[in-house]
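**Student:** pasting a predicted model and its sequence here:
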Amino acid sequence: MLETMTRQHAGASAGQPRNHGDTFDEAYFCSERVNRSAVERRIASLPGRRTVKQQWQAAWLVRAIECLDLTTLAGDDTPGTVGRLCAKARQPVRRDIQQALGLADRPLHVGAVCVYHDMIGSALAALRGSGIPVAAVSAGFPAGLNPFELRVREIEASVAAGAGEIDIVISRRLVLRGDWRTLYDEVRAFRAACGPAHLKTILATGELGTLAQVYRASMVCMLAGADVIKTSTGKESVNATLPVGLTMVRAIRHYHQRTGQVVGFKPAGGIRSARQALDWLILIKEELGTAWMHPTRFRIGASTLLGDIERQLEHYITGAYSAGHRHPLA
Amino acid sequence: MSDRISDILQTMAYGPAPESAAPAHAWLDGHQRRFGMFIDGAFTGPDPARAFVSSNPTDGSALATLTQASAAELDAAVAAARRAQPGWAACPAHQRARLLYALARRIQRHSRLFAVLETLDTGKPIRESRDIDIPLVARHFLHHAGWAQLGDAQFRDARPIGVIGQIIPWNFPLLMLAWKIAPALAAGNTVVLKPAEWTSLTALLFAEQCIAAGVPPGVINIITGDGDVGAALVRHPGIDKLAFTGSTDVGRDIRQATAGSGRQLTLELGGKSPFIVFDDADLEGAIEGVVDAIWFNQGQVCCAGSRLLLHEPIAARFLDRLRERMLALRVGDPLEKTSDIGPVVSPVQHARIDRLVCLGRDEGATVWQVPIDAPAGGCFYPPTVLSGVAPAATVAQEEIFGPVLVTMTFRTHDEAVQLANNTRYGLAASIWSEELSRALDVARRIKAGVVWINSTNLFDAASGFGGYRESGFGREGGREGMWESLAVSYGAPAALLPPAVPPAFPGGIDRTAKLFIAGRQARPDSGYSLEVCDPAGRVVAEVAAGNRKDVRNAVEAARAAAEGWAGMTAHARAQILYYLAENLDGRAAVLAERLCAGGYDGTGEVRLAVELLFSAAAWADKYDGAVHHTTARTLTLALPEPLGVLGIVCGDAAPLAGLVALLAPALALGNAVVLVPSARWPLAAIDWYALLETSDVPAGVVNIVTGAVGPLALTLAQHGDVDGLWYVGTASAALERASGINLKRTWCLAPEAPLGAGFTEHALRAASQWKNVWVPYGA
């Protein structure tokens, strides 16, 4: 076991701070209130208050690429399709575009590649030498209803296989029943199973009912040692929404203020346009500050977003609107 | 700042995102940057002799020269409005609706030009003019196109007032224009509007759109100029009503200037609105609320949440986070799309704000300001928080009208209400708590026309906006606002047949008529009595000669009783009114006999009085509020609330029925009353003492002071704790001037009016003021 853990991918999550959590204490979250209308007003006004244009927009889109967890979580994934995805992860925009952006010398690649356990090996092989970590979804993804022991062992297996990041799903039933202590214990166990790999906890916010529950679940996961909290599996009917994101990043800020520890944030699911990516970055900048606008603290889980960003970047360079087929497939 | 992408990736800065001012400048150039004014459907020529400059507060540059309206131009504008008014009022409702609809759509079609021009002229951030002001302008015209379409049937006994003079401020130039013009036109009035001299440009652009939309000449007239032009408009004899939005000081001047003229008046004035945060609030939401409350439009907002009241358990944490949040505010060129805060409107305002902040510091407050790096030459003022402010401090009482927040703390929710109401103003309030029962309790107890729960600065054309206390009177928006553009004609007065030869006054044991104060009969302070004569001139009785001290005592008693009376159920008040009717009916013969001796139709009056009491009792639990259709997922509750302490000065036409016609609706809605009975026949009121004592009317709810009517009425008008004054007679300059002390609502009634059919229903409107409580919801 120790042996396999040391085999962990060299580039995995380098530079990312670890969150060690804290002892379980309901005082962290029991008095916090979240008013949906107030959250929605903040979200509604942000795109009007903040915008980026021209080269600033191009730079922000490059940053969005660097924060991208390029993802494939399909039942028909094969080593071949995963290999293609990894190639795209290493060279996310056409070389000529990268050059025209003045970034020829920059090692421009996505934040991570996110796959199921069985594809870890293929991904590692395809990413060798790139510094891009492999993230594996785990712990009974996406429903989280497998036996607890198996969920822990699945994490251990993925870490052993070389995943640098583990995206687990939490037990939604524990949130819905208010069983915060058990949720804490589960996530704590997942964190232990991760060893050196970074733990990203997926809250599946579309199934938690209210924003207040999202806040509480966020805080419990952070207390239990989550390095990143993530909105969705992409499989729920409601994916990453900005109101949910605002609630989660505020929890991250509160946790940081109280413990001094840094936790990352990952919206996932339904983020398809460059405009949406910019909105998420604006939200991060306004609520958490510029330090969080970095792949060590912010990721976007998406599969089709990159295509739209490529088109926008080409538009920035040429001034003409682009087309999908002008950019290489994943 | 480097603009290489590789460098931007280090800073992750926003970078510039300017809105182009070119189309607005092109429009100004198209007019050679010189403007006359809009009278009778056409622009007058600019006059260099009377030119003044309209400048851009961002850099002090001149945008255009405008023309100070001459007396002749004002006359011409008023005359044009007068000529146009009958035709406009007579034109089919649907035609008026079409025109207002066209104006709404035209504003939408040219929305960006309006927005950019507004930002150039006022300095407000483009995102506010673009996303808030201009959409609300279009919304206002569209909403009132609807009122025009629905027409007369919605407003019983109502007709257009005639020509309305309108004076608007510089903080929301086009929006205030819309708030004034749309309802006035929908109701069939014509207008002469004067924008603020610093910010007239969008009004002139609007005038162009009026021509294009086919607004008939004279229906809308826009004159430009400074306060002197406004003062001339206020005094112009051709105006039937004045609607003013602006400072309380100027509002008070207008109250004085129009006193006794018989002109209707609505005033939308200043505020020092509380923003209350309880320990169970969504604190992050409340922080953003504060930003929207006091840094919207640089704090130059009459309903700005400028007094932050913090619950002690969360006060320190909240202020820490607020200061941190303020560092993310972007102060700069208002045409930058990422600017949150632009310049204040003029150097005059800048100096005034700074003076008040310095005064706050001198008075012991801790001053915290965001460091700003604003363009040179502009009137930029940094977002400022004054903490540790005592209620006694000037900055806690005076409206600063700038980006300056004062904060203080409270311990209990009763104390929060007490602090919130510790102001002469009463425009708005914002309450943050996740406990709905607490929030609604506070909402009901705060004296303000608009209350936002877990939100702030929400506006919609369907909701009435306006103040309590010295924040003015009248409402703008919604059904309640429409009434302000309408005059009411009461139905024919009830037929009373006085005896041709009054019978002799009934004899009996000598009676001593005292005053009725705080539920007890009290001797007058003066120790004097007045004689009451019958129509033949014979002294038949004596009544107490009340004086100003008796009025003082009566007002104190009424104030003490007001809250309890208003807090009773409408059902309970109705029962008491019915009980009064029952007891009145039981004494009908005696009362009628004495009224007859005074030359009145005793039987008729008693019968009418009983019916009026029934009518008011019937209304007590049926004068409902409304839920307005405003923003999505929001309950906007329009609640009629009593004025509070109401002075009623009765006429002589029908001493009993006239008294009941005024008193009963006032009581039905929960007002406490100080009543001065008919001068000629106060005995009708004396007979009420026993009725009030036996009908379960709580002590202090009705107080009666007999005596010389003129001085008593004047004392009531001057009293700072009387919220409204109704009086029968001709418009009194003295009373209306005196009412300016606290801008109490005055209502002058023709002698026969209270006896008119349908009077009670209209009196209920005068006896109440609308509070709109906004309750956004969602889990």
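**Tutor:** Good, I have the coordinates. Numbers count the residues shown, from 1 in each chain, chains lettered A, B, ... in the order given.

**Student:** show me where the stretch 551-700 of chain B has strands.
**Tutor:** If you assign secondary structure with DSSP state E, counting those that start in this stretch, the strands in the stretch 551-700 of chain B sit at B:626-628, B:634-642, B:645-649, B:672-676.

**Student:** what lines up beside the last one in the sheet?
**Tutor:** For strand B:672-676, the pairing partners within the sheet under DSSP bridges are strand B:645-649 (parallel), strand B:702-704 (parallel).

**Student:** pick the most deeply packed of the ones you listed.
**Tutor:** With neighbours defined by mean count of other Cβ atoms under 10 Å in any protein chain shown, none of the strands paired with strand B:672-676 is more surrounded on average than strand B:702-704, at a mean of 30. Bear in mind the C-beta positions are built from the backbone N, C-alpha and C, glycine included.

**Student:** so what's B:Ala618 up against?
**Tutor:** Taking Cβ atoms under 8 Å, 6 or more residues apart in numbering or on different chains, we find B:Ala618 in contact with B:Ala574.

**Student:** could you redo the last one with a cut-off of 7 Å?
**Tutor:** Listed by Cβ atoms under 7 Å, 6 or more residues apart in numbering or on different chains, the contact set of B:Ala618 is empty.

**Student:** repeat that for A:Ile300.
**Tutor:** Under the criterion of Cβ under 7 Å, 6+ apart, the contact list for A:Ile300 reads A:Ala64, A:Cys67, A:Leu68, A:Asp69, A:Lys266, A:Pro267, A:Ile271, A:Ala277, A:Trp280.

**Student:** let's see that with 6 Å instead.
**Tutor:** A:Cys67, A:Leu68, A:Ile271 (Cβ atoms under 6 Å, 6 or more residues apart in numbering or on different chains).

**Student:** can you tell me the SS state at the last one?
**Tutor:** The assignment at A:Ile271 comes out as coil when based on DSSP: H, G, I helix; E, B strand; the rest coil.

**Student:** and the closest residue to chain A within the stretch 401-550 of chain B, what does it touch?
**Tutor:** Distances between the stretch 401-550 of chain B and chain A by Cβ to the nearest Cβ are smallest at B:Glu434, namely 4.4 Å. For B:Glu434, the contacting residues are A:Arg33, B:Asp280, taking Cβ under 6 Å, 6+ apart as the criterion.

**Student:** quickly find the element holding it.
**Tutor:** In this structure, B:Glu434 sits in neither a helix nor a strand according to DSSP states H and E.

**Student:** check what pLDDT it gets.
**Tutor:** Turning to B:Glu434, the model gives it a pLDDT of 97.

**Student:** B:Ala376 too?
**Tutor:** 83.

**Student:** got it, and B:Met1?
**Tutor:** According to the predicted model, the pLDDT of B:Met1 comes to 54.

**Student:** same question for A:Thr4.
**Tutor:** What the model reports for A:Thr4 is a pLDDT of 36.

**Student:** so for A:Asp96, which of the strands of the stretch 551-700 of chain B sits nearest?
**Tutor:** Comparing the strands of the stretch 551-700 of chain B by their distance to A:Asp96 (Cβ to Cβ), the top pick is strand B:634-642, with 51.3 Å.

**Student:** show me what contacts the residue nearest to the spatial centre of chain A?
**Tutor:** Centroid check for chain A by Cα atoms, centre = their mean gives A:Lys266 as the closest residue, at 3.1 Å. Listed by Cβ under 6 Å, 6+ apart, the contact partners of A:Lys266 are A:Val228, A:Lys230, A:Arg299, A:Gly301.

**Student:** so which of those residues sit within helices?
**Tutor:** When DSSP state H is applied, the contacts of A:Lys266 are split such that none fall in helices.

**Student:** just the helices in the stretch 151-300 of chain B please.
**Tutor:** Secondary structure of the stretch 151-300 of chain B by DSSP state H, counting those that start in this stretch: the helices cover B:173-186, B:201-213, B:227-235, B:248-258, B:283-294.

**Student:** which residues sit against the second one?
**Tutor:** In this case it means helix B:201-213. If you take Cβ under 6 Å, 6+ apart as the criterion, helix B:201-213 is touched by B:35, B:38, B:102-103, B:106, B:114, B:117-118, B:121, B:173-174, B:177, B:195, B:220, B:222.

**Student:** got the buried residues for the helix or strand of chain B with the lowest mean pLDDT?
**Tutor:** Of all the helices and strands that make up chain B, helix B:683-694 has the lowest average by mean pLDDT, DSSP states H and E, namely a mean of 93. If you call a residue buried by 16 or more other Cβ atoms under 10 Å in any protein chain shown, then helix B:683-694 has these buried ones: B:Leu683, B:Ala684, B:Ala685, B:Ile686, B:Asp687, B:Trp688, B:Tyr689, B:Leu691, B:Leu692.

**Student:** ok, stretch B:589-607 next?
**Tutor:** Residues of stretch B:589-607 classed as buried under the neighbour-count rule (16+ other Cβ under 10 Å) are B:591-592, B:594-607.

**Student:** what's the answer for stretch B:39-55, then?
**Tutor:** Residues of stretch B:39-55 classed as buried under the neighbour-count rule (16+ other Cβ under 10 Å) are B:Ile39, B:Asp40, B:Gly41, B:Phe43, B:Thr44, B:Pro46, B:Asp47, B:Arg50, B:Phe52, B:Ser54, B:Ser55.

**Student:** which of these fall in strands?
**Tutor:** When DSSP state E defines the strands, the subset of those inside them is B:Ile39, B:Phe43, B:Phe52, B:Ser54, B:Ser55.

**Student:** contacting residues for the third one?
**Tutor:** So the one you mean is B:Phe52. B:Phe52 touches B:Leu66, B:Gln68, counting by Cβ under 6 Å, 6+ apart.

**Student:** how close does it get to B:Ser526?
**Tutor:** 56 Å (Cβ to Cβ, to the nearest Å).

**Student:** what does B:Glu312 give?
**Tutor:** Taken as Cβ to Cβ, the span from B:Glu312 to B:Ser526 is 50 Å.
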